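Student: I would like to see how this sequence folds:
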Amino acid sequence: MTVNFMGAVFVRVTDLEQSLRFYSDVLGLQLRNIEECGRIANYIIDEKSPLLTLIKTEGFEASEYPTFNLNCNNVLEIHEKLVAQGVKVGPIKNWSSDVNIHIDFDVYDPDGNAINLIEWSRKD
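Tutor: Okay, here's the model as predicted:
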């Protein structure tokens with residue numbers, strides 16, 4: 001089997017309209033389309049990224065751990081802005097790997113799905 005690329009990341013949500021406002025207005029993502037069935041919404045980040053697909057689903061429990069992260073600039077400013085807006089966020093974490101220096105935090109959508117927002121730079 002040969003995998004060419006990741007096509008989409010799926011996020012289950014209970015209220016698609018409420019989630020659309022969060023992912024569009026709070027996170028600033030670009031909505032590509034809502035599928036005809038009316039229960040699936042696709043966000044595009046850039047031409048090379050997988051789609052972020054919201055799927056309206058009843059009766060699930062959100063994980064407290066993020067299943068994906070979004071690479072951002074100015075993570076500290078984003079955290080401050082989200083806190084001022086009353087959005088649920090986790091603490092800021094600073095850490096290093098063998099290659100990069102990271103700063104990140106989790107933000108929670110209306111269903112409690114954790115989304116990790118991260119900024120990293122190469123170690124010198």
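Student: I'd like the distance between residue 62 and residue 98.
Tutor: 32 Å (C-beta to C-beta, to the nearest Å). To be clear about C-beta, it is placed using only N, CA and C from the backbone, and glycine gets the same treatment.
Student: which one of these two is surrounded by more residues?
Tutor: Ranked by neighbour count (other C-beta atoms under 10 Å), residue 62 and residue 98 place residue 62 first, with 17 against 5.
Student: three-state assignment of the more buried one?
Tutor: coil (DSSP: H, G, I helix; E, B strand; the rest coil).
Student: skipping adjacent residues, who's closest to it in space?
Tutor: Spatially, and ignoring its direct neighbours in sequence, residue 62 is nearest to residue 112 (3.8 Å; C-beta to C-beta, 6 or more residues apart in numbering).
Student: number of nearby residues for the one you found?
Tutor: 12.
Student: ok, now residue 23?
Tutor: The burial count for residue 23: 22, using other C-beta under 10 Å.
Student: ok, it - contacts?
Tutor: 29, 31, 41, 43, 52, 54, 109 (C-beta atoms under 8 Å, 6 or more residues apart in numbering).
Student: my read: the last one touches residue 115, true?
Tutor: Yes - with contact defined as C-beta atoms under 8 Å, residue 109 and residue 115 form a contacting pair (6.5 Å).
Student: would you mark the buried spots in the longest helix belonging to the chain?
Tutor: The single longest helix within the chain, with elements called by DSSP state H, is helix 75-84. Neighbour counts over helix 75-84 (16 or more other C-beta atoms under 10 Å) mark 75, 78-79, 82 as buried.
Student: what ranges do the strands span in this protein?
Tutor: Counting by DSSP state E, the chain has strands at residues 8-13, 30-34, 40-44, 51-56, 69-71, 93-96, 100-108, 114-122.
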